[in-house]
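S.K.: sequence below, structure please.
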Amino acid sequence: MQHLHRTPLDQLFVLDIETVPCVDCHGSLDEMLRHLWEHKSESLRRQQGYTGRAPAPEPLPDHLTAASLFEQAGIYAEFGKVVCVSVGYFVFDKQEELWRFRVKSYADHDEKLLLRDFAHLLRLRPHFALCAHNGKEFDFPYLGRRLLINGLPLPPQLDLAGKKPWEVPHHDTMELWKFGDRKSYTSLNLLAAIFGIPTPKDDITGADVARVYWEENDLPRIAAYCQKDIITTARVLQKFRGEEPFRDEHVVYADAVGVPMRRVV
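M.R.: Numbering: from 1, shown residues only. Below you'll find the model as predicted:
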């Protein structure tokens, strides 16, 4: 994949985000958002094949009510929020002649503070490109939308509106694996398995994040889950480049070397 070699490894941020519904439950939405979520729910029901046009309409199945579907709200920037951004970057160790991977997480209940600090990091390295798994369809646009919603300026890497595809330097490991096949969706777990990379996120899954956040109030657990994802994404990226991935002992956690992760309590 010659395309990947145009971006030096040490000029690349690998990232992942964790998102949750904007409030703890459907009943906590204000009146306008509750009304707009009902419209969104109608679309979600149609996607699942439910039209409600049977000759004798029956009550909605429990899993298709607006309240039940609100569990999915975290994947929509208009109805969700970011609770963690994990970022990693490669540093070449000249003494040992190997790549190390530095990892840092921004996790906070205050989304605006989290995004402000993350955007500051991007502005410090405006020449850095971004990489994520499914980043072009999820992480990058979600971050851009939430920055605007919070009244924050877009850093250069996320100011993508109006740009042509070839003007966007970012990498997406899922897109790269498609090889032009637009019908294919391949999870990060599957790529990790076929390349012999340890499976990421063995503690919780994406489906658990909202519960862990709203019911258990456990941001450190979510951050640890998110960090595993960027480590795996970085290793998949190295495999795509024809390189041997870094080992566990070559991962450097920022909070373990005196660079504190944003306080999460």
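S.K.: summarise which helices and strands whichever helix in the chain runs longest is packed against.
M.R.: If you go by DSSP state H, the chain has its longest helix at helix 219-240. Packing contacts for helix 219-240, counted by 3 or more CB pairs under 8 Å, 6 or more residues apart in numbering; DSSP states H and E, involve strand 12-21, strand 80-93, strand 98-107, strand 129-132, helix 173-178, helix 188-194, helix 209-214. (C-beta placed from N, C-alpha, C; glycine too.)
S.K.: in contact with the residue nearest to residue 123 when sequence neighbours are not counted, which residues are there?
M.R.: Take residue 123 and drop its neighbours on the chain: the residue closest to it by CB to CB, 6 or more residues apart in numbering is residue 155, 5.0 Å away. Shown in contact with residue 155 (CB atoms under 8 Å, 6 or more residues apart in numbering): 119, 122-123, 126.
S.K.: switch to 7 Å and redo it
M.R.: Taking CB atoms under 7 Å, 6 or more residues apart in numbering, we find residue 155 in contact with 119, 122-123.
S.K.: just name the most buried of the helices and strands packed on helix 219-240.
M.R.: strand 12-21 (a mean of 25; mean count of other CB atoms under 10 Å).
S.K.: next, the distance between the ends of stretch 131-139.
M.R.: For stretch 131-139, the first-to-last residue distance is 10 Å (CA to CA, to the nearest Å).
S.K.: hmm, residue 15 is touching residue 129, no?
M.R.: No: using CB atoms under 7 Å, residue 15 is not in contact with residue 129; the gap is 10.9 Å.
S.K.: coming back round to it: can you redo the helices and strands packed on helix 219-240 as a markdown table with distance to residue 165 and mean pLDDT?
M.R.: A markdown table is the format used below for the helices and strands packed on helix 219-240 (distance: least, CB to CB, whole Å; pLDDT from 0 to 100):
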| stretch | distance to residue 165 | mean pLDDT |
| --- | --- | --- |
| strand 12-21 | 18 | 97 |
| strand 80-93 | 24 | 96 |
| strand 98-107 | 28 | 96 |
| strand 129-132 | 14 | 97 |
| helix 173-178 | 10 | 94 |
| helix 188-194 | 22 | 94 |
| helix 209-214 | 30 | 95 |
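S.K.: ok, which of those comes nearest residue 149?
M.R.: With CB to CB as the measure, strand 80-93 is the member of the helices and strands packed on helix 219-240 nearest residue 149 (8.7 Å).
S.K.: centre of the chain to the closest one, how far?
M.R.: Offset of strand 80-93 from its chain centre (CA atoms, centre = their mean, to the nearest Å): 9 Å.
S.K.: try stretch 89-104
M.R.: 23 Å.
S.K.: could you do stretch 142-158 as well?
M.R.: On CA atoms, centre = their mean, the centre of stretch 142-158 falls 14 Å from that of its chain.
S.K.: that stretch: end-to-end distance?
M.R.: Criterion CA to CA; first-to-last residue distance in stretch 142-158 is 10 Å.
S.K.: avg pLDDT for that stretch?
M.R.: Mean pLDDT, computed over stretch 142-158, is 97.
S.K.: buried stuff in it?
M.R.: Neighbour-count burial for stretch 142-158 flags 142-147, 150, 152, 154-155, 157-158 (criterion: 16 or more other CB atoms under 10 Å).
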